[in-house]
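[1] need a 3D model of the sequence below.
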Amino acid sequence: MKQLLLSAALTALAASPALANKVFVSNERGNTVTVIDSETWEVLEEFDAGNRPRGITIAPDGSELYVCASDDDLVRVFDPETYEELHTLPSGPDPELFVIHPSGNPLYIANEDDNLVTVVDTETHEVLAEVPVGVEPEGMGISPNTQYVVNTSETTNMAHFINTETYEIEHNLLVDQRPRYAQYTADGTRLFVSSEIGGTVSVMDIAEDGTPTLVEKIEFEVPGVLPEWLQPVGVKVTEDGSRIFVALGPANRVAVIDGESLEVLDYIIVGQRVWQLAFTPDERYLISTNGNSNDITVIDVEAEEAIQTVQVGQQPWGVVVAPD
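    This next block holds a predicted model:
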């Protein structure tokens with residue numbers, strides 16, 4: 001009898017669905033964050049998040065949710081379970097995007113109006129450094145070995161490589177007009193920087209010492225879509241590096257790129273004015289925020305096709321998924 005009960009229990013456990021992860025979407029004009037269940041794709045909650053929330057991320061252990069309240073000139077920190085505001089962090093003027101250290105501390109913040117990257121201790125809430133960079137800094141990325149933080153400056157058209165120990169810029173690389181996002185591969189050997197007005201994604205090989213070399217620029221072409229509508233913004237790369245996904249702004253598409261050949265394989269139609277992207281932890285789904293249609297699109301990563309649309313708040317901008 002005990003064996004039968006144990007067998008039944010194991011069978012039930014194996015058949016049970018994977019736990020859902022919460023999806024958090026910042027709504028730039030609505031001044032809210034929408035919370036979505038990643039299994040049912042139902043909206044769970046929408047809560048106030050300050051004035052003009054844009055960049056959004058979560059602590060690696062899932063304990064705190066960070067939101068760039070751009071017009072409040074600070075980072076608001078929320079409890080991901082209760083949605084209560086826990087405290088705020090200093091950010092410098094007009095925080096737009098940020099990236100968190102894999103350990104959970106510190107936070108690296110791009111200050112668009114002040115041409116700075118502000119480094120903030122998430123435990124003491126103190127500013128550790130202010131790093132002068134190019135004009136209108138936006139994109140932020142961190143190398144997997146945490147040696148460098150990369151900032152992209154929209155007007156200077158550069159990627160700045162900041163040493164995370166000295167807070168000094170060690171490399172500057174010119175890219176195309178209005179760079180918006182920086183994304184490393186999981187192994188740290190490549191970096192992708194999207195250029196919204198230039199219409200390209202710059203591909204950099206990264207040496208063992210972290211030195212970047214520009215090797216290629218990926219271009220996009222969609223029949224029936226004006227070239228000026230092809231505006232690369234958010235970029236995500238699968239863990240194995242086999243696929244690169246790029247949000248193409250007013251083209252209302254996400255490009256699918258082969259990670260080895262760098263050939264554009266397909267374009268997935270999503271909502272209007274696609275902005276940022278995020279994977280679920282298992283990489284089963286990719287989520288896009290669509291600013292003008294006030295929704296998100298859920299993409300099946302393996303099938304490389306859109307499977308669902310979910311209405312959120314006004315002008316969704318950023319997206320992050322809670323870790324397992």
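[2] from memory Val203 sits against Ile218, does it?
    Yes. Look at Val203 against Ile218 with CB atoms under 8 Å: they come within range, at 6.5 Å. Every C-beta, even on glycine, is put in place using the N, C-alpha and C of the backbone.
[3] anything in contact with each of these two?
    Leu262 (CB atoms under 8 Å, 6 or more residues apart in numbering).
[4] hey, where'd the strands end up in the stretch 151-300 of the chain?
    Applying DSSP state E, counting those that start in this stretch to the stretch 151-300 of the chain gives strands spanning 158-163, 169-174, 179-184, 190-195, 200-206, 212-219, 235-237, 243-247, 253-258, 264-269, 274-279, 285-290, 295-300.
[5] in a markdown table, list those along with mean pLDDT, distance to Thr82 and mean neighbour count.
    Shown next, in a markdown table, are these (pLDDT from 0 to 100; distance: least, CB to CB, whole Å; neighbours: other CB atoms under 10 Å):
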| stretch | mean pLDDT | distance to Thr82 | mean neighbour count |
| --- | --- | --- | --- |
| strand 158-163 | 98 | 35 | 22 |
| strand 169-174 | 98 | 40 | 16 |
| strand 179-184 | 98 | 31 | 26 |
| strand 190-195 | 98 | 35 | 25 |
| strand 200-206 | 98 | 39 | 21 |
| strand 212-219 | 98 | 42 | 15 |
| strand 235-237 | 98 | 29 | 22 |
| strand 243-247 | 98 | 31 | 25 |
| strand 253-258 | 98 | 33 | 21 |
| strand 264-269 | 98 | 35 | 16 |
| strand 274-279 | 98 | 22 | 24 |
| strand 285-290 | 98 | 23 | 26 |
| strand 295-300 | 98 | 23 | 22 |
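[6] for Leu65, find the nearest of these.
    strand 274-279 (13.2 Å; CB to CB).
[7] what angle do that closest one and strand 179-184 make?
    Interaxial angle, strand 274-279 versus strand 179-184 (axes from the mean of the first three to the mean of the last three CA atoms, to 10 degrees): 10 degrees.
[8] quick one: strand 274-279 to chain centroid distance?
    Put simply, strand 274-279 sits 6 Å off its chain's centre (CA atoms, centre = their mean, to the nearest Å).
[9] for that strand, packing partners?
    strand 235-237, strand 243-247, strand 253-258, strand 285-290, strand 316-321 (3 or more CB pairs under 8 Å, 6 or more residues apart in numbering; DSSP states H and E).
[10] what's the closest non-adjacent residue to Pro227?
    Of all residues not flanking Pro227 in the chain, Gly199 sits nearest, at 6.6 Å (CB to CB, 6 or more residues apart in numbering).
[11] number of residues surrounding the closest residue in space to Phe47 that isn't next to it in sequence?
    Closest residue in space to Phe47, ignoring its immediate chain neighbours: Tyr83 at 4.3 Å, by CB to CB, 6+ apart. Using other CB atoms under 10 Å, Tyr83 is surrounded by 17 other residues.
[12] residues contacting Tyr83?
    Val33, Val35, Glu45, Phe47.
[13] low-confidence bits of the protein, can you list those?
    1-19 (pLDDT under 70).
[14] helices along that one, start to end?
    2-15 (DSSP state H).
[15] so Thr213 bridges to which residues?
    Assessed by DSSP bridges, Thr213 has beta-bridge partners Asp205.
[16] of all the contacts of Tyr83, which two lie farthest apart?
    Greatest spatial distance in the contacts of Tyr83: Val33 and Glu45, 8.4 Å, computed using CB to CB.
[17] tell me which of the two has more neighbours.
    More neighbours surround Val33 than the other of Val33 and Glu45, with 28 against 13 (other CB under 10 Å).
[18] list the contacts for that one?
    Counting by CB under 8 Å, 6+ apart, Val33 has contacts 24-27, 46-47, 49, 53, 56, 65, 67, 78, 83, 313.
[19] in ChimeraX, how would I select just the buried ones from those?
    Restricted to buried positions by 16 or more other CB atoms under 10 Å, the ChimeraX selection for those reads:
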select :24,25,26,27,46,49,53,56,65,67,78,83,313
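[20] contacting residues for Thr185?
    Residues in contact with Thr185 (CB under 8 Å, 6+ apart) are Leu191, Val237, Gly241, Gly259.
[21] name the nearest residue to the first one, ignoring sequence neighbours.
    To tie it back to what came earlier, the one meant is Leu191. Once flanking residues are discounted, Leu191 sits nearest to Met204: 4.4 Å by CB to CB, 6+ apart.
[22] distance check, the one you found against Leu173.
    To Leu173, Met204 is 7 Å away according to CB to CB, to the nearest Å.
[23] shared neighbours, these two?
    Contact with both Met204 and Leu173 is made by residues Ala159, Pro212, Leu214, according to CB under 8 Å, 6+ apart.
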